[in-house]
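Participant: Only the shape, not the letters, is given here:
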């Protein structure tokens, strides 16, 4: 009974976190759909808690990030995409669990790459158990996601394997950096297409196909997810620079401290203004581990031309996402996906 109540609370919290971001709130007009989403997210939470090793020590590691909560955006996208077909069809919630497991696994790996100390307001897995254990924990979650996908069907196995492969490829591209003659901004978009975009687009594509939605609607949802995913990652880059830790749940300026070439950082390196020159000088040294230099860079980024450019690019991708939505029938699910576009913009306002 207590566990079930916890699942319900986490599901409601996930809906609130997607519905309300930094003062933005929107309601789902169709109460039946809202109830289906809540029930689906409750199932996801139960399965995430059950998807742990029988060894309690391993279970503590692999369940660490999931237990900290989160927006559960990818499961929600699966469930919303399923609304364009048969939302209660068998396998839909299992797909939602698979997508969240792959995402959580990527967070373990990302935190190691970024040397992050916190995740969702608590100590990151690497900070608590060390890098080697955190990487293995992420690997275990990827393996478990593959097992669950196999139980749904070959199409789920195919899409999950492709998404996981592209995600890891994006991480590798990020580690390797751009080639000698490659534009850094072009390289950035190739990285995030694997790391962020692919999983969001796959969540929508698989959710729609598993629910037997029309092919053309599944394609429009995938296109929407691709544009939204790019906007989502740019927003995340901006939040890292602009939002205090208590608001974002992550340590502010983690990318700067780790030397991650986020989009605002890349754009700042091309800024020839006096403010840009000082910022560029700070960034040329690589990771900003000096506390004073780190604070100064965060100050310079506020109101900088690089931030303005990144925000403009983000809004352009949101417009593309909304264009893709325009071909879908006017349903509560479409309205919710449109409101999610507004959520992305408002996060960085």
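Facilitator: Arrived safely. Predicted model only: the values in this text are computed from it and were never measured. Numbering: from 1, shown residues only.
Participant: contact partners of whichever strand or helix holds residue 166?
Facilitator: Assigned by DSSP states H and E, residue 166 falls within helix 154-176. With contacts defined as CB atoms under 8 Å, 6 or more residues apart in numbering, helix 154-176 is touched by 91, 94-95, 98-99, 102, 106, 109-110, 113, 142, 145-146, 149-150, 187, 190-196, 198-199, 202, 205-206, 209-210, 260. All C-beta atoms are positioned from the backbone trio N, CA, C, and that covers glycine.
Participant: Next up, phi/psi of the residue in the chain sticking out farthest from the centre, please.
Facilitator: Here the chain reaches farthest from its C-alpha mean at residue 274, the gap being 34.2 Å by CA atoms, centre = their mean. Backbone geometry at residue 274, expressed as degrees, to the nearest 10, gives phi -60, psi -40.
Participant: State the number of residues packed around residue 290.
Facilitator: When neighbours are defined as other CB atoms under 10 Å, residue 290 has 13 of them.
Participant: That one and residue 79: what is the separation?
Facilitator: Here residue 290 is placed at a distance of 45 Å from residue 79 (CB to CB, to the nearest Å).
Participant: Would you list the buried entries among the contacts of helix 154-176?
Facilitator: Those of these that meet the buried threshold are 91, 94-95, 98-99, 102, 106, 109-110, 113, 142, 145-146, 149, 187, 190-196, 198-199, 202, 205-206, 209-210, 260, by 16 or more other CB atoms under 10 Å.
Participant: before we move on, the earlier item: so what pLDDT did the residue farthest from the centre of the chain get?
Facilitator: We note a pLDDT of 83 for residue 274 in this prediction.
Participant: and if you look at residue 248?
Facilitator: Value for residue 248, per-residue pLDDT: 51.
Participant: can you check residue 245 too?
Facilitator: At residue 245, the model reports a pLDDT of 53.
Participant: Pull the number of nearby residues for residue 227.
Facilitator: For residue 227, using other CB under 10 Å, the count is 23.
Participant: for the one 5 residues further on, same thing?
Facilitator: Around residue 232 there are 25 other residues, counting by other CB under 10 Å.
Participant: The nearest residue to it once chain neighbours are set aside and residue 36, how far apart?
Facilitator: Of all residues not flanking residue 232 in the chain, residue 344 sits nearest, at 5.7 Å (CB to CB, 6 or more residues apart in numbering). Distance of residue 344 to residue 36, given as CB to CB: 23 Å.
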